[in-house]
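A.B. asks: here's my sequence, what's the structure:
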Amino acid sequence: MENRYASAPEHVATMQTAELRKRFLVEDLFLDGEMKFVYSHYDRIIMAGAVPTEAALRMPTPEALHTDHFFDNREAGIINIGADATVSVDGTEYTLPRKGLLYIGRGAKDVTFEAPGRFYLYSAPAHTAYPTTLVGPEDGNVLELGAKETSNERTLRQLLFNGDVKSCQVMMGVTTLSPGSMWNTMPAHTHDRRMESYLYFDVEDDARVVHLMGEPSETRHLIVGNEQGVISPSWSIHSGVGTKAYSFIWAMAGENQAFTDMDAAPVTDMR
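C.D. replies: Residues are numbered from 1 along each chain as shown. Below you'll find the model as predicted:
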């Protein structure tokens with residue numbers, strides 16, 4: 001499991017490109033036949049990718065967690081960015097469609113993934129147990145946002161969101177930009193009560209996303225490719241513009257689950 005320590009805003013302001021990418025960009029999360037974990041000290045979240053091949057892939061427990069099972073003290077949301085595939089949790093099979101979500105609560109013991117899925121997992125510490133729940137891509141709260149005139153026409157699916165599916169901390173969803181739209185989350189914002197991670201996918205081979213981060217008065221950027229993730233501190237903006245339309249998974253954990261608890265960062269004030 002890769003370890004990523006937290007950085008203060010004044011430190012990030014001094015970073016050059018290579019260090020920014022090393023600390024905040026997750027480039028190789030999806031490896032054939034493996035499950036890779038990245039542990040962030042921002043709210044102690046874990047980002048992971050699982051890519052089963054011929055045989056089912058059993059979820060391991062990273063030694064650094066010092067627990068018998070991954071979910072002994074944690075919960076997670078899992079979103080499939082591949083073809084429809086099966087996830088088994090303690091002997092119960094769930095068919096997870098593309099862009100659907102499976103929530104796994106604290107206390108699960110045995111989790112396996114089957115091809116042809118490509119699974120993104122986002123986990124945070126949990127203080128109580130909620131039931132494992134499957135959410136289809138159209139079953140959550142679906143919002144149509146933005147406009148063609150501002151190049152941010154998009155569909156936002158709140159799949160794990162303070163509603164019918166209970167969780168301790170984790171909130172997750174998928175946003176898909178319409179053809180011809182490129183901006184996400186602009187005007188930008190911060191929310192100092194929780195951190196957020198992005199996982200960009202459906203980014204074409206010859207395209208990239210310019211992800212904006214940093215304090216609103218001291219912005220920085222990362223150039224992001226397909227199936228790459230970004231760790232966003234609570235004090236940082238998190239916005240991006242692509243050279244073509246794309247999708248991304250947003251996931252949050254921290255002090256609260258109030259989706260609209262944001263501190264606005266007007267574009268006219270950003271630097």
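
A.B. asks: the host helix or strand of E10: which residues count as buried?
C.D. replies: Element membership for E10, per DSSP states H and E: helix 9-12. Using 16 or more other CB atoms under 10 Å as the burial criterion, the residues of helix 9-12 that qualify are V12. In this view, the C-beta of every residue, glycine as well, is placed from N, C-alpha and C.

A.B. asks: so for the helix or strand just after it, what gets flagged as buried?
C.D. replies: Note on helix 9-12: by DSSP H and E, the next helix or strand toward the C-terminus is helix 17-24. Within helix 17-24, the residues that qualify as buried are L20, R21, R23, F24, counting by 16+ other CB under 10 Å.

A.B. asks: how near is the last one to G77?
C.D. replies: Counting by CB to CB, to the nearest Å, the gap from F24 to G77 is 21 Å.

A.B. asks: need the buried residues of helix 17-24 in TSV with pLDDT and distance to T155, can you?
C.D. replies: Putting those into TSV (pLDDT from 0 to 100; distance: CB to CB, whole Å) gives the following:
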residue	pLDDT	distance to T155
L20	97	30
R21	98	29
R23	97	31
F24	98	26
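
A.B. asks: quick check, nearest of those to A6?
C.D. replies: R23 (9.2 Å; CB to CB).

A.B. asks: ok, the nearest residue in space to that closest one that is not next to it in sequence - contacts?
C.D. replies: Using CB to CB, 6 or more residues apart in numbering and skipping the chain neighbours, the partner closest in space to R23 is S7 (5.9 Å). Neighbouring residues of S7 by CB atoms under 8 Å, 6 or more residues apart in numbering: M15, R23, P233.

A.B. asks: I'd like to know which elements the helix holding E10 is packed against.
C.D. replies: Under the contact criterion of 3 or more CB pairs under 8 Å, 6 or more residues apart in numbering; DSSP states H and E, helix 9-12 touches strand 209-215, strand 218-224.

A.B. asks: for the record, mean pLDDT for that helix?
C.D. replies: Here helix 9-12 scores 95 as its mean pLDDT.

A.B. asks: next: stretch 243-252.
C.D. replies: 97.
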